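I would like to see how this sequence folds:
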Amino acid sequence: MFFNPAEFKITGTYVWYYCICKREVWLLSRGITPDQSDENMDIGRFLHENAYSRDKKEIDFYGMKLDVIKNESGQFIIGEIKKSSKYLESARMQLLHYLNELEKQGINAEGVLLIPEEKKRYTVILDEEGKRELNEVLNGIIGLVTCEMPPKPVKINYCKNCAYNELCWS
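So this is what the prediction gives:
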């Protein structure tokens with residue numbers, strides 16, 4: 001499949017995948033999508049549709065899909081809903097990416113990771129350290145997607161629940 005780096009835009013999904021499995025990033029960048037009938041994809045869709053139903057959800061903003069947006073005493077709060085806290089670091093990086101993109105648009109916001117099944121919330125603030133970490137991830141993504149071939153599959157704990165599982169291990 002043809003890949004044009006000039007048209008490539010890093011999304012929160014790329015940031016999420018990069019922190020878990022770099023092969024997923026390359027596959028997705030080539031338009032190779034995960035198995036949409038995968039049970040874990042269904043659970044994720046269900047949570048997005050039903051958790052935090054009183055809050056505004058799934059807002060498209062400058063190419064981002066923000067799960068929850070609230071205004072608390074004049075402070076914008078951006079929420080990201082996840083199935084579990086198992087991949088907390090990748091979720092934190094994804095939310096930092098959203099906060100960074102909003103900051104570029106002149107919007108100062110705070111983030112909160114929401115794990116409804118565990119009844120957990122984690123506050124995420126875009127500070128200098130977060131920006132440094134995010135820039136490393138963004139540079140890594142650009143380096144990865146400009147490669148002609150995908151990275152070889154590496155067996156990790158995430159593989160057993162991954163919607164790309166058959167593509168990597170068949």
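
in the chain, which spans are helices?
Per DSSP state H, the chain carries helices over the ranges 12-18, 22-29, 39-50, 88-104, 128-145, 165-169.

quick one: buried residues of the shortest one?
When you say that, I think you mean helix 165-169. For helix 165-169, a neighbour-count test (16 or more other Cβ atoms under 10 Å) marks 165, 167-168 as buried. (Each C-beta comes from the backbone N, C-alpha and C, glycine too.)

as JSON lines, the helices of the chain with distance to Leu113 and mean pLDDT would be great.
Below are the helices of the chain laid out as JSON lines (distance: least, Cβ to Cβ, whole Å; pLDDT from 0 to 100):
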{"stretch": "helix 12-18", "distance to Leu113": "12", "mean pLDDT": "95"}
{"stretch": "helix 22-29", "distance to Leu113": "20", "mean pLDDT": "93"}
{"stretch": "helix 39-50", "distance to Leu113": "13", "mean pLDDT": "53"}
{"stretch": "helix 88-104", "distance to Leu113": "5", "mean pLDDT": "96"}
{"stretch": "helix 128-145", "distance to Leu113": "13", "mean pLDDT": "97"}
{"stretch": "helix 165-169", "distance to Leu113": "25", "mean pLDDT": "83"}
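
could I get those as a markdown table with distance to Leu66?
Below are the helices of the chain laid out as a markdown table (distance: least, Cβ to Cβ, whole Å):
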| stretch | distance to Leu66 |
| --- | --- |
| helix 12-18 | 9 |
| helix 22-29 | 19 |
| helix 39-50 | 11 |
| helix 88-104 | 6 |
| helix 128-145 | 17 |
| helix 165-169 | 28 |
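
looking at those helices, spot the one closest to Lys120.
Closest of the helices of the chain to Lys120 is helix 88-104, at 9.2 Å (criterion: Cβ to Cβ).

now the angle from the closest one to helix 128-145?
100 degrees (axes from the mean of the first three to the mean of the last three Cα atoms, to 10 degrees).

give me the contact list for helix 88-104.
Residues outside helix 88-104 that contact it (Cβ atoms under 8 Å, 6 or more residues apart in numbering) are 10, 12-13, 15-20, 61-64, 66, 76, 78, 80, 82, 85, 108-111, 113, 122, 124-126, 130-131, 133-134, 137-138.

same thing with stretch 108-118?
47, 51-52, 67-68, 75-85, 88, 91-92, 95-96, 98-99, 102-103, 120-126.
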